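Visitor: Sequence and computational prediction follow.
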Amino acid sequence: MRHPLLLIITAALIAGCDAELPLPSVTGKQGELVIVCDKSLWDSPAGDTVFNIFTADVYGLPQPEALFRTVHVAPESFTSIFRTHRNVLILTPAKEGKGRVEVRRDVWATPQMVVEAHYTDDEGLIRLMQQAEQRVKAQLLNAEAERVKVSYSAQLDEGLMPVLSDHRISLAVPKGYKLVKREADMCWLRYDSEKVNQSIIVFTEEGTEDFSMLPDALMASADRMGRKHVPGPDPDTYMSVFREYPPMTTDTELAGQKAVKQVGLWRVEGAMMGGPFVHYVVEDNERGQTLHLFALVFAPAEEKRNLVLQVDALIQSMSWL
């Protein structure tokens, strides 16, 4: 008679053969997008449309940088080495005679975004992608931001939490950020490396603003903060918004509340320094204040798309205390 324990182990192994194995982790670098379609389609005007949509310049950077770095893969070459990529766009003829775009998560890896565009013909694909452009790009960018937040949450610097609690918020600030300045109405956290500086500045202003505020009002708030708290390398130099490159202002949400977001370029008055910024504004109704979260990147001669996405994602990790 077989040993009962051996029977139990054997049964467990047999049952495990039918269990789903966990998905592998995604591959690829931040900001990459694998596009799967026939070469003939890729080389056509429809393929050009898709390429131009996903490689458009990112607004708010001092030099041209594409939204995504695209990699074209033919369907017959779309094997396991590409299936685990973080972002995948599949262009395939529609079987039901009607174009549609489907977005799915964690198909072959995790955390993965897979977009499938089912098109009727080349002209139909152009119309389909133009109609879905903003939604698809937003979902892909949100997925990239979520990956950053998960990564940062796994390496939190608990020592900075009391600084942020002054403003009744928490952020997923990872280790490596240091406290530069702390006053009653602001705190400045910064990550420094040999070639890159990334800053998060949290500051408050008394009173709550109407969320139909003009972009000029947001720039004025940033200028006041820069003049008071962010000095340049020489006396009488300070940070301000670079108005010759008009910032882009949009309505958004932050920590479940309506917010305003502005992206553009900052500079140092009286010095040759500057770079991109991201500025979020949200009401703190409990305190009767307006809360500002201002991120700036300084990385001369370096690509800045991913650096901006990282500080943007850090701000998006905000929660109220």
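Guide: The structure has been received and is ready for your questions.
Visitor: need the longest strand for this structure.
Guide: Criterion DSSP state E: the longest strand present in the chain is strand 257-269.
Visitor: What strands line up against it, and which way round?
Guide: strand 238-241 (antiparallel), strand 248-254 (antiparallel), strand 274-284 (antiparallel) (DSSP bridges).
Visitor: Please state the mean pLDDT value computed over it.
Guide: Regarding strand 257-269, the rounded mean pLDDT is 96.
Visitor: so where's this structure uncertain?
Guide: Applying pLDDT under 70 to the chain flags the ranges 1-19, 209-213.
Visitor: Tell me which residue is most central in this structure.
Guide: Nearest to the geometric centre of the chain sits residue 145, at 3.5 Å (Cα atoms, centre = their mean).
Visitor: Which segments of the protein make up each domain?
Guide: 19-152, 156-320 (automatic domain parsing).
Visitor: Around residue 158, how many other residues sit close by?
Guide: The burial count assigned to residue 158 is 8, neighbours taken as other Cβ atoms under 10 Å. Any C-beta I mention is one placed from the backbone N, CA and C, and that applies to glycine too.
Visitor: Pull up the gap between it and residue 320, please.
Guide: Separation of residue 158 from residue 320 (Cβ to Cβ, to the nearest Å) stands at 18 Å.
Visitor: and if you look at residue 234?
Guide: In terms of Cβ to Cβ, residue 234 sits 39 Å off from residue 320.
Visitor: ditto for residue 265
Guide: Residue 265 is 30 Å from residue 320, by Cβ to Cβ.
Visitor: Looking at the two, which one has more neighbours?
Guide: Legend: neighbour count by other Cβ under 10 Å for residue 265 and residue 320, higher for residue 265 (19 against 15).
Visitor: Surely the more buried one touches residue 239?
Guide: No - using Cβ atoms under 8 Å, residue 265 is not in contact with residue 239; the gap is 11.1 Å.
Visitor: Quickly list what's touching both of these two.
Guide: When Cβ atoms under 8 Å, 6 or more residues apart in numbering defines a contact, no residue borders residue 265 and residue 239 alike.
Visitor: show me where the protein has helices.
Guide: Secondary structure of the chain (DSSP state H): helices at 4-17, 39-42, 45-54, 80-83, 122-153, 161-165, 215-229, 305-316.
Visitor: Include distance to residue 193 when you put the ones you listed into CSV, please.
Guide: Below are the helices of the chain laid out as CSV (distance: least, Cβ to Cβ, whole Å):
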stretch, distance to residue 193
helix 4-17, 45
helix 39-42, 37
helix 45-54, 29
helix 80-83, 31
helix 122-153, 16
helix 161-165, 21
helix 215-229, 22
helix 305-316, 10
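Visitor: Which among these is found nearest to residue 180?
Guide: Checking those against residue 180 by Cβ to Cβ gives helix 215-229 as the closest, at 9.4 Å.
Visitor: can you give me the angle that closest one makes with strand 248-254?
Guide: For helix 215-229 against strand 248-254, the angle by axes from the mean of the first three to the mean of the last three Cα atoms, to 10 degrees is 80 degrees.
Visitor: And helix 215-229, how far out from the chain middle?
Guide: 24 Å (Cα atoms, centre = their mean, to the nearest Å).
Visitor: List the buried residues in it.
Guide: Neighbour-count burial for helix 215-229, counted by 16 or more other Cβ atoms under 10 Å, picks out 215, 218, 219, 221, 222, 223, 225, 226, 229.
Visitor: Could you list every helix and strand that it packs against?
Guide: Taking 3 or more Cβ pairs under 8 Å, 6 or more residues apart in numbering; DSSP states H and E as contact, the helices and strands that helix 215-229 lies on are strand 186-192, strand 197-206, strand 238-241, strand 257-269, strand 274-284, strand 289-298.
Visitor: show me the contacts for residue 66.
Guide: With Cβ under 8 Å, 6+ apart as the criterion, the residues that contact residue 66 are 54, 55, 56, 57, 58, 305.
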